[in-house]
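Chemist: Give me a 3D structure for the following:
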Amino acid sequence: MKLLMLKDFSLSTTIQEVISVEFGMPDLATLGLFLTAAFILSITPGPGILYTLARSLNGGKSEGILSALGLSVGGLVHVFAAAIGISSLLMTSAVAFAVVKYAGAAYLVYLGLRTLLSQDTLSINAASVVTSKHRVSAFYQGIITEVLNPKTALFFLAFLPQFIVVENGNIFMQFLFLGLITDVLNLVVDVVVATFAGPIGQKLQANYRFRQGQRLTSGCTLIGLGAYVAVADQK
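Modeler: Residues are numbered from 1 along each chain as shown. Alright, predicted model coming up:
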């Protein structure tokens with residue numbers, strides 16, 4: 001029985017190593033840290049949530065869900081573009097990749113500090129549809145809104161490289177894998193917001209302490225993540 005358990009353990013370890021090398025899967029510790037940070041950030045009210053909420057309140061649940069799907073597709077465009085750029089950068093210079101990673105960590109700390117120090121100016125009505133002049137569907141409006149948002153591209157370039165393990169190889173697949181998880185988490189949250197737009201909108205607008213707690217959690221997560229990466233890479 002003990003021999004069988006050792007064989008099973010060895011087999012599972014080998015499979016995990018093969019998956020890590022061939023498909024760019026991060027190790028469990030890195031994946032756990034990534035999932036925790038990505039989840040906290042996905043549930044923190046930001047432009048995507050406010051956009052979906054505004055569309056849902058104005059056009060109903062179906063319009064909100066279509067808008068969320070559009071934002072998700074637009075986010076995948078940024079993920080794919082960033083994956084190509086990071087992969088090309090690593091093939092060119094490992095030092096350049098390290099510079100980008102440290103710059104990304106610094107940017108995350110900056111975002112965290114800005115989030116903590118920002119004033120409470122939440123306005124759901126401000127999340128208006130930037131392409132409302134064009135009579136296109138909510139889905140395509142969501143795509144356009146996200147693709148044309150440079151902050152999304154910048155965030156992916158700062159956030160995802162912190163969890164890339166160069167030793168695992170296949171940087172492109174690692175980036176796509178992590179980016180897809182981030183995009184799906186954001187989509188799930190946006191769909192929930194669209195489904196329960198009324199109560200969520202009232203809570204965000206009326207509950208100051210709730211917004212303060214969300215901002216504190218998001219800011220500390222960004223700062224902690226940036227600091228952790230900087231310290232971990234020095235060990």
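
Chemist: Please identify the helix or strand for the residue nearest the centre of the chain.
Modeler: Against the mean C-alpha coordinate of the chain, by CA atoms, centre = their mean, the closest residue is T182 at 4.0 Å. Following DSSP states H and E, one finds T182 within helix 171-195.

Chemist: which residues of the chain score low on pLDDT?
Modeler: By pLDDT under 70, the low-scoring segments of the chain are 1-25, 90-91, 119-136, 198, 200-208, 210-211, 214, 229-235.

Chemist: Taking their axis directions, the biggest helix by length in it and helix 171-195 sit at what angle?
Modeler: As assigned by DSSP state H, the longest helix anywhere in the chain is helix 61-92. Calculated by axes from the mean of the first three to the mean of the last three CA atoms, to 10 degrees, helix 61-92 forms an angle of 160 degrees with helix 171-195.

Chemist: quick one, what contacts the residue nearest to the centre of the chain?
Modeler: T182 sits next to 38, 42, 75, 79, 156, 159-160 when contact means CB atoms under 8 Å, 6 or more residues apart in numbering. No exception for glycine: its C-beta is placed from N, CA and C like everyone else's.

Chemist: Kindly recompute the last result at 6 Å.
Modeler: The neighbours of T182, taking CB atoms under 6 Å, 6 or more residues apart in numbering as the test, are A38.

Chemist: how far away is it from S42?
Modeler: T182 is 7 Å from S42, where distance means CB to CB, to the nearest Å.

Chemist: distance of F80 from D190?
Modeler: Note on F80: its distance to D190, by CB to CB, is 20 Å.

Chemist: Looking at those two, which one has more neighbours?
Modeler: Taking neighbours as other CB atoms under 10 Å, F80 and D190 compare with D190 leading, 27 against 16.

Chemist: ok, the more buried one - contacts?
Modeler: Contacts of D190 (CB under 6 Å, 6+ apart): 48, 52, 68.
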